[in-house]
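Chemist: Below are the sequence and a predicted model for it; my questions follow.
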Amino acid sequence: MMQSDPIGFFLTLAFALGAFLGGGWWCLRRWSQARHLLDTPTSKIRSAAQGYVELYGMIEELPGSSLRGPLTNTPCVWWRFRIEEYRSSGKKRSWRVIESGSSDALLRLSDGTGDCLIDPRGAEVRPAIREIWQGTLRHPLGMEKTGLLSFLTSSTRYRYTEERFHVGQPLYAIGDFRTSGSSHQGLDLPSAQGQVIREWKSDYAGLLRRFDSDGNGELDDREWNRVRLAAQLEAEHRHRRSSAEPAQHKMSKPGESRPFILSNAGEDELARGFYWQAAGAALLCLVGALATAWLLGIRHF
């Protein structure tokens, strides 16, 4: 093989190595994601700990929301779309993506104990509603989804895909959970005091007017003690004011490599699908490893 077609040999070897490495990486990734889903207990919004949590509830509408699917004009709370164009060149025929996108508006999840706003950016979103159809216009609004007449009157074919979340659907969410306001915020007094002092130092002239009692243009130790005491009182006042505000819960993408998933399906169904994908990727990895070993054996032979 090396003597008759060295370029073909190295291309085949590259594909075999790619299958081996890519299959191994995807197997480990999907297996790890499935374990994260199954090992993370479902929390209630009202009592959820701060950090990585799993929530399950219903999608509710946010006040003032007016989202509509860009290809169907259907009211929804989240959408993702793709437009593909059919390309034909000789014997090669394929669909090529020419336009795609997704919404980044906040979602509202309610589980009966509270509401949580979810920032979908960076999430793996798996909606139950997925519409696919074909037509002859680049943008389908204003036309029927498909029909024989449309294919006979145009030489260009398009395929449209639109996925959506709707109010009232169940929603499984796993990601980074944070609460602001109410008593969920503990007071780190030294840090809060330091923040107040840094703010005051940014207007040093104002700081002198308030605490330079002898008017010499400098703050001595006694005056700095007054600054620190006043900053402590101000930090405590800000914390009391913040704690009196209603609790606001929000979920977003975790800073670590943990999965961030939003889905209409529950964790058991998701984990089962991830395990099947991991098994398929492991098989691909094995085939790639055997093919690589065989090709290298031929080369040495």
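Modeler: Looks like it arrived, so ask away.
Chemist: so Tyr86 sits in a strand?
Modeler: Yes. Counting by DSSP: H, G, I helix; E, B strand; the rest coil, Tyr86 is located in a strand.
Chemist: so it bridges to which residues?
Modeler: Trp95 (DSSP bridges).
Chemist: any idea how far it lies from Gln169?
Modeler: The gap separating Tyr86 from Gln169 is 32 Å, by Cβ to Cβ, to the nearest Å. (Glycine included, C-beta is placed from N, CA and C.)
Chemist: Also Asp39?
Modeler: 25 Å.
Chemist: the more surrounded of those two?
Modeler: Each of Asp39 and Gln169 has its neighbours counted (other Cβ atoms under 10 Å); Gln169 has more, 15 against 9.
Chemist: List the backbone torsions phi and psi for that one.
Modeler: Here is the backbone geometry of Gln169 (degrees, to the nearest 10): phi -80, psi 150.
Chemist: pretty sure it contacts Ala128?
Modeler: Yes. Using Cβ atoms under 8 Å, Gln169 makes contact with Ala128 at a distance of 6.9 Å.
Chemist: okay, and the common contacts of these two?
Modeler: Asn264 (Cβ atoms under 8 Å, 6 or more residues apart in numbering).
Chemist: Could you find the closest non-adjacent residue to Met58?
Modeler: Nearest non-adjacent residue to Met58, counting by Cβ to Cβ, 6 or more residues apart in numbering: Ser110, 5.6 Å away.
Chemist: Contact partners for that neighbour?
Modeler: Taking Cβ under 8 Å, 6+ apart as the test, what Ser110 contacts is Ile45, Gly57, Met58, Glu60, Cys116.
Chemist: Buried among those? Make that a PyMOL selection.
Modeler: Here is the PyMOL command that selects the buried residues among the contacts of Ser110 (16 or more other Cβ atoms under 10 Å):
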select buried, resi 45+57+116
